[in-house]
Every structure is written in structure tokens, then in C-alpha cells.
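*Asks:* give me coordinates for this.
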Amino acid sequence: MSLILYQHPLASFCHKVLMALYENGTPFESRVIDLGNEESRASLVRLWPLAKFPVLRDETLDSTVPETSIIIEYLDRHYPGAMPLFPADPSDALCVRLWDRFFDQYVQDPMQKIVADVRRAENDKSPQGVSEARALLRTAYGMIERQLDGKIWITGDSLTMADCAAAPALFYAETLVSFDEGHGRLKAYYQRLLDRPSFARVLKEAMPYFHMYPYHERLPAQFRPATPNA
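*Replies:* Below you'll find the predicted structure:
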């Protein structure tokens, strides 16, 4: 198969690319990377020495493509499907890129800082850093709420790359900082993302791994790992 995606089903940034692939039914081979396994990690490092996933390998065009936004743009250009993830108008496309970066930097990034902190030894934890990350998420939620005024998706009536970025970012972030009463549009948007078949498929494939998420007990009920019988 021409396209090979090196990824892990629990990783939020991998969810972003998977959602884009599933939106267009793009054929690809999935290779799950276990960074704790030397051989598995080495297969990723050979392609991308930074050992960050996802990475897309295109055997037909002999291209190795890292970074989620670049991967999705690459797919849209070289393997377009029925669902364009970028508008044809340059100004509209710029808006999509803006909100794509917004979700990566101001929702994904603080979310991952909070999750990373809980994994640290007690002496290495950063309560101030966690507090700042939570505050950033609340600010981001307010900005998303305003942006959604009159819109179905984050930039308008059509789903784009920015919504692919939003879905996994909000899925995990909501377990850390809940949406509040002033986030009516955001809550409805989040539900539309959960109901989208492409993202529902991503989450279904991730379910066997959700027990590894430190805050799995805060996931939506349908995604929580089953509790073993005592």
C-alpha cells in the first residue's frame, strides 16, 4: 500500500490525522508504534529521528511526511477525496490554518502539560504550571464559544482540517477542564464532533487503549474502560 501511517491509537495528534483519513476513505496501512519497544521505536526513528508520531510514509512518491497539519495538507493535495479539508478561497484557507494552530497550541498543548504532570514524580510536579495550563484552556474555551456563533463547524458550514484538530483536543481537554454553563455552543459543537462517523471510528479504535490514559475515569461514559470485578 502506498500510504503508511506510523501512529498510536491513544495519541491525540494521531487522532487528528486519522479523522482526516477516514473523512475521505483514504486507503492506508496503520503501523502502531510502541515507544517502549526498542524495535518498534527504531522503525519510527529511521523515518523521523525525533521519534514523534504520527508520521506518514508515501512509498509511491517516496516521501516521508511528519507533523499533523503538514500531513493533512499533503493528503489534500496528493490524495484528494470527496471531502476537501481546505477551502478553495485563500482567505478561507488561512482561517482554517489559524484555527488548526489554535487547537494544537492552545488546547492540545495545555492539555498535554496537565497529563504529563500527573506522570511525574512528586518532587518534579509543577502545580503552577498545571494551574496556568488550566487557565489557558478556560480562555481557549471562551474564544471557541465566540468563534462558533452562527457556525456549524469551527470556520463555517463545512468540516475542515481545523475540526480534525479540534476533535481530539477537546475530547481529552474536557476531561481536565469541563465546559461550563457559558459554553453552550461549544458543548453542541463537541457533540457534533463525537457524532461525526470519522471521529467515532477513531475513538472506537482507541477504546482498547483508554485504560492507559491517566484520567480515563473522566472520559464520557461510553468510552470509559470496564472496571474489573473485585
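*Asks:* remind me what the lengthiest helix in the chain packs against, helices and strands.
*Replies:* For the chain, the helix with the greatest residue count under DSSP state H is helix 127-147. For helix 127-147, the elements it packs on are helix 90-103, helix 109-118, helix 184-195, judged by 3 or more CB pairs under 8 Å, 6 or more residues apart in numbering; DSSP states H and E. For every residue, glycine as well, the C-beta is placed using N, CA and C.
*Asks:* give me the contacts around the longest one.
*Replies:* In this structure, residues lying in contact with helix 90-103 by CB atoms under 8 Å, 6 or more residues apart in numbering are 69, 85-87, 140, 143, 147, 154-156, 160-162, 164-166, 169-170.
*Asks:* and the protein, what are its domains?
*Replies:* Domain ranges of the chain: 3-78, 90-206, per automatic domain parsing.
*Asks:* measure stretch 96-116 end to end?
*Replies:* 28 Å (CA to CA, to the nearest Å).
*Asks:* which residues of this protein score low on pLDDT?
*Replies:* For the chain, applying pLDDT under 70 flags the ranges 1, 227-230.
*Asks:* helices of the chain, residue ranges please.
*Replies:* Under the criterion DSSP H, helices of the chain are mapped to 12-23, 38-45, 68-78, 90-103, 109-118, 127-147, 161-173, 184-195, 197-206.
*Asks:* give me the residues contacting the shortest one.
*Replies:* Spelled out, it's helix 38-45. With CB under 8 Å, 6+ apart as the criterion, helix 38-45 contacts 6, 31-35, 51, 53, 55.
*Asks:* re earlier: return the set of buried residues in the longest helix of the chain.
*Replies:* 130, 133-134, 136-137, 140-141, 144-145, 147 (16 or more other CB atoms under 10 Å).
*Asks:* nearest residue to residue 218 in space, please, no chain neighbours.
*Replies:* The spatial neighbour of residue 218 that comes closest, neighbours along the chain excluded (CB to CB, 6 or more residues apart in numbering), is residue 175 at 3.9 Å.
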